[in-house]
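# let's see this in three dimensions:
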Amino acid sequence: MMSIPKAAPASVRIDAWLWSIRAYKTRSAATAACRAGHVKLNDVNAKASHIVVPGDTIRVRQPGYDRILEVRRLINKRVGAEAASHCFTDHTPPRPLLPALGLPQRDRGTGRPTKKDRRDMDRLRGED
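Okay, here's the model as predicted:
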């Protein structure tokens, strides 16, 4: 088990911090997310070179929702998931449950949906 180093670094880039807490799989993915505008530091678009300090709020856009993280501790090396969870507070609201659409199931071997079947499915989804 790897633990958090005792001495916290003086400053850490936002892309390195996001990689080290395991928000992104690679540091280059974190850098690309910053470049694409998917990362906000204190509600301002963040460049990969921005420095984070404890108390900052970081909003990371993930597929389907935004993850809201508060920096509690600075780290610049990747550590285990349990140790990384002590470096931030997750303020992400719970995701709403998607209602079951109740789409009709077609029997196997009946072929492709007809035009009428496709229109009925679109109407159920609300795509008139």
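# helix or strand with the lowest mean pLDDT in the chain?
Least confident helix or strand of the chain, by mean pLDDT, DSSP states H and E, is helix 115-125 with a mean of 86.
# list the buried ones in it?
Residues of helix 115-125 classed as buried by neighbour count (16 or more other Cβ atoms under 10 Å): none. (C-beta placed from N, C-alpha, C; glycine too.)
# could you find the closest non-adjacent residue to S85?
I21 (7.9 Å; Cβ to Cβ, 6 or more residues apart in numbering).
# quick one: contacts for the one you found?
By Cβ atoms under 8 Å, 6 or more residues apart in numbering, the residues touching I21 are 69, 75, 84-85, 87-88.
# pLDDT value on it, please?
pLDDT, I21: 94.
# separation between it and Q105?
I21 sits 42 Å away from Q105, taking Cβ to Cβ, to the nearest Å as the criterion.
# do the same with R59
In terms of Cβ to Cβ, R59 sits 39 Å off from Q105.
# same check on D120?
In terms of Cβ to Cβ, D120 sits 13 Å off from Q105.
# for A48, same thing?
Taking Cβ to Cβ, one finds A48 at 47 Å from Q105.
# compare those two (neighbour count), which wins?
A48 (18 against 5; other Cβ atoms under 10 Å).
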